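Asker: the sequence and its predicted three-dimensional model are supplied below.
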Amino acid sequence: MKTYILNLPSALERRKFQTQQALRLGLEAQFIDAQTPADIPDAFFQAHAFSWERPIKITEVACFMSHHQVWQQIADSHEPALVLEDDAILAHNTPNLLKHLEMINGLDHVSLETRQRQKLLGRRSKAMPDLNARLHPLLQDRTGAAAYVLWPSGARILLAKFTQHGMGLADAFISSTYQLKSWQTVPAFAIQADMAVAYGVSCPIASHSLIAREKVPSPPTRGGLHDLQLKWRRLRGQLRLAARYLGCFWRARRQFVGIDIQQF
């Protein structure tokens with residue numbers, strides 16, 4: 001399975017870490033230059049900055065479009081691929097997981113990540129005995145775009161949503177796309193560097209978020225009516241989350257997804 005690694009050209013420490021990780025795990029890795037604010041034309045930014053539930057910063061637009069370019073490559077292919085942000089730390093047995101996932105039909109998206117937040121997981125599951133792990137339907141999530149496997153069918157769904165509704169925060173955009181047949185590995189096979197200490201994992205790179213570190217202001221709204229439109233969009237998003245939960249709670253449970261510390 002091909003692995004795409006999103007990496008800012010200036011983030012040399014992270015590129016070195018991901019190169020070493022890919023070699024150690026035997027991953028067929030391809031670096032994708034992540035987009036920066038300088039790559040985003042002003043007209044494009046203005047057209048999409050208000051398509052989410054709140055104004056989107058230009059750094060967040062660049063992050064989303066970095067994922068978008070990988071989705072396009074996967075949609076044009078015939079095979080699933082692993083998508084990583086450059087601060088993702090993978091479990092040692094990730095290659096065996098990828099081989100297992102390649103043999104399963106009917107998936108669009110599998111999240112490998114956990115971030116100490118509860119996820120709404122389906123009670124039924126698919127066993128992966130050789131990995132001492134299971135796959136659960138991922139019915140609702142809030143965060144996590146640092147490590148996921150995406151199938152061409154899932155990539156096409158995400159691209160179609162962008163065309164119809166515009167962009168959002170990359171992780172929230174994925175997790176709110178309920179058309180996806182999404183699954184979660186239990187335990188998780190990946191964490192981001194900023195979560196390493198919380199999970200007792202040694203962190204080989206600087207753990208801060210490059211996006212969060214850039215003090216970029218949110219774009220100003222266009223007045224009172226525009227503010228009301230964004231508030232209504234936010235309320236509608238929260239109602240949609242509630243409706244999703246109510247529609248799934250009878251076949252699901254909220255739970256924290258842990259890791260197998262011995263694999264890290």
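Answerer: Cool, the structure landed. Note that the structure is predicted; figures quoted are calculated from it, not measured.
Asker: tell me the contacts of Thr36?
Answerer: For Thr36, the contacting residues are Leu8, Ala62, by CB atoms under 8 Å, 6 or more residues apart in numbering. Bear in mind the C-beta positions are built from the backbone N, C-alpha and C, glycine included.
Asker: before we move on, what about Ala155?
Answerer: Applying CB under 8 Å, 6+ apart to Ala155 gives the contacts Trp71, Gln72, Ile74, Ala75.
Asker: quick one: the helices in the stretch 101-250 of the chain?
Answerer: Remark: helices assigned in the stretch 101-250 of the chain by DSSP state H, counting those that start in this stretch are 152-165, 170-175, 210-213, 224-248.
Asker: lowest-confidence stretch among the ones you listed?
Answerer: Mean pLDDT per stretch puts helix 210-213 lowest among these, at a mean of 54.
Asker: nearest to Lys181, of the helices of the stretch 101-250 of the chain?
Answerer: If you check each of the helices of the stretch 101-250 of the chain against Lys181 by CB to CB, helix 152-165 wins as the nearest, at 7.5 Å.
Asker: just to revisit the earlier point, kindly reformat the helices of the stretch 101-250 of the chain as CSV containing distance to Ile32.
Answerer: What follows is these, written out as CSV (distance: least, CB to CB, whole Å):
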stretch, distance to Ile32
helix 152-165, 14
helix 170-175, 14
helix 210-213, 15
helix 224-248, 29
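Asker: winner for burial among those?
Answerer: helix 170-175 (a mean of 22; mean count of other CB atoms under 10 Å).
Asker: what's that helix packed up against?
Answerer: helix 58-75, helix 152-165 (3 or more CB pairs under 8 Å, 6 or more residues apart in numbering; DSSP states H and E).
Asker: surely Arg54 forms part of a strand?
Answerer: No: the assignment for Arg54 (DSSP: H, G, I helix; E, B strand; the rest coil) gives coil, which keeps it out of a strand.
Asker: nearest to Arg24, of the contacts of Ala155?
Answerer: Taking the contacts of Ala155 together and measuring to Arg24 by CB to CB, the closest member is Ile74, at 24.1 Å.
Asker: that closest one: neighbour count?
Answerer: Applying other CB atoms under 10 Å, we find 24 other residues in the vicinity of Ile74.
Asker: what sits against it?
Answerer: Tyr4, Pro80, Ala81, Val83, Leu150, Trp151, Pro152, Gly154, Ala155.
Asker: can you tell me the closest non-neighbouring residue to the third one?
Answerer: Sequence neighbours aside, Lys2 is the residue nearest to Ala81 in space, at 4.6 Å (criterion: CB to CB, 6 or more residues apart in numbering).
Asker: surely the one you found touches Gln30?
Answerer: Yes: between Lys2 and Gln30 there is a contact under CB atoms under 8 Å: 6.5 Å.
Asker: who has more neighbours out of these two?
Answerer: Taking neighbours as other CB under 10 Å, Lys2 and Gln30 compare with Lys2 leading, 16 against 13.
Asker: just name the shakiest helix or strand of the protein by mean pLDDT.
Answerer: helix 210-213 (a mean of 54; mean pLDDT, DSSP states H and E).
Asker: rewinding a little: what is the nearest of the contacts of Ile74 to Tyr178?
Answerer: Gly154 (12.2 Å).
Asker: look up how far Pro9 lies from the closest residue to the closest one other than its chain neighbours.
Answerer: Distances taken as CB to CB, 6+ apart place Asp108 nearest to Gly154, at 3.2 Å, with adjacent residues excluded. With distances taken as CB to CB, to the nearest Å, Asp108 is found 30 Å from Pro9.
Asker: which one of the two is surrounded by more residues?
Answerer: Asp108 (21 against 10).
Asker: on that earlier part again, could you dump the helices and strands packed on helix 170-175 into CSV and include distance to Arg253?
Answerer: As requested, these are exported to CSV (distance: least, CB to CB, whole Å):
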stretch, distance to Arg253
helix 58-75, 29
helix 152-165, 24
